[in-house]
Structure formats: C-alpha cells, structure tokens
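Asks: Give the three-dimensional model of this entry:
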Amino acid sequence: MYFPGKSSAHKYRQLLIVLIVIFLTAPFLRAGLGGLFSVSMLLYTIIVIIRSFALPRPLMTAYSAIACLAFGLEVSSSLNWVPAFNVVFALTSQAIFVIYLAGAVYWIGRDVFTTPNVTLDIVRGGISVYFLIGFVWSLLYGMVDTLDPSAFSQPLIQQESYLRTIHFSFTTLTTLGYGDIVPLSEVAQVLTNLEAIFGQMYSSVLIAILIGSYLSQRHSQPRR
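Replies: Residues are numbered from 1 along each chain as shown. Take a look at the predicted model:
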C-alpha cells in the first residue's frame, strides 16, 4: 500500500501533459518505431505516476523495475523477438500496465475527491484521471481482442497500433457511440457497459465535488 505524497502546486501538471501527448500522437504511431514510442510514453507515464507518490526508495525501485519488465515484454512482442511467446508477453505487459494505471486512477481520484481546497493542480488531477480511465479500458479492450479476435465487429489492433482501442475506449467513455465498432462477445459488452457507467458517474461526481468545494471556499472567505 502506498499513499499520495506531499501536496505540490504542480504535482499533476507533468502527468496531464504526458497523457495529452499520448492521446494526440496515437493516430501517427504504427508498428516499428511508432509502436516503441507509444510503449515508451506509457512507461514514462508510469514513472511519472510513481514519482507523484511518497514511496520508500526500495518500494519505488521495485515498482519501477516491474514497469520496466512490462516495457521489455511489450518491446519483445512488438519486435517479434520470441514469436512463440508473443501473445503471452503482450498480455502480461498489458496486464501490468492496467494494474498500474488503475491504481493511479484510485489514488489520484482519492486525492481529488478528498481535498479540502480546489486548486488548479487538483483540476489537472481530475482531468488526468479521466484520461487514465480511457487508457485503462483501451488496454483491456486490446487484451480481449487478442484473446478473442471476434469479440468486436472490427479488429481493434492493426499493425501493432492501439489507435482503434483508444478510439473505441474514449467514444464509449464519453457515451458518444459512433457505432463503427460494436462489441459482440459477452465480455466485450460487459466491459463497454462498465466503462460507459463509470465515465458518466465520474464526470458527474467530479463536477459536483469541484463546484461544491469552490462554493464552500468562497463562503468561508471573509467578506470585505
């Protein structure tokens, strides 16, 4: 178990910037160097998240080592170094990344929802959590698609690109629902329903808490 570190005025700024960069560069990242850059950015995101919390040095080293292991497995799978274990390596690395990002969603969300004062950095943290939710589900969709290629109406992973998984995840998270990709298997349907519910609940609760905290701060300030 680990706990959020000491408050900082810019604790979540770097994390939000990295997440936005990953989101905006996703359409241009394909197999080969593009895939390696994508995985590298994901690893960097993990490192930024780890550094955002006050962890004992041994624990931070262990978490970083596991993240680097996941990075190595993903690189091995992308470059086809050990063809017989490509699927195993890919699924293992994705599972590790899911655990890390889901943990960050919980701890950063806890920090955002329990803060007594709403600051710009808290708003950054809330937006970061929203992006992280989308990336967590995109990894889950990628795992489902790898295990069952018929789980969706169209293949989500093409040429080692996760663009479709990100696209499908965020259209589901925002309940936009273009309809170009449809979940067919029961597992895929349950995942999409959970993400849509989670996305709507998170947005509603976040806005309510931020507005409530802001109004509370204004009322507590002495009038001139």
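
Asks: And Leu79, its phi and psi?
Replies: Main-chain torsions, Leu79, degrees, to the nearest 10: phi -90, psi 0.

Asks: Same question for Glu195.
Replies: phi -70, psi -40.

Asks: Lowest mean pLDDT among the helices and strands of this protein, which one is it?
Replies: helix 33-51 (a mean of 81; mean pLDDT, DSSP states H and E).

Asks: State the next helix or strand along the chain beyond it.
Replies: Later in the chain than helix 33-51, the nearest helix or strand by DSSP states H and E is helix 57-78.

Asks: Which elements pack onto that following helix?
Replies: If contacts are counted by 3 or more Cβ pairs under 8 Å, 6 or more residues apart in numbering; DSSP states H and E, helix 57-78 sits against helix 33-51, helix 86-114. No exception for glycine: its C-beta is placed from N, CA and C like everyone else's.

Asks: Is it possible to get TSV of the ones you listed that adds distance to Ser150?
Replies: As requested, the helices and strands packed on helix 57-78 are exported to TSV (distance: least, Cβ to Cβ, whole Å):
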stretch	distance to Ser150
helix 33-51	24
helix 86-114	16
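
Asks: Dump those helices into TSV; add mean neighbour count and distance to Leu163 as well.
Replies: Below are those laid out as TSV (neighbours: other Cβ atoms under 10 Å; distance: least, Cβ to Cβ, whole Å):
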stretch	mean neighbour count	distance to Leu163
helix 33-51	19	9
helix 86-114	18	16
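
Asks: Please name whichever of the ones you listed is nearest to Tyr178.
Replies: Shortest separation from Tyr178 across the helices and strands packed on helix 57-78 is recorded for helix 33-51, at 22.6 Å, computed as Cβ to Cβ.
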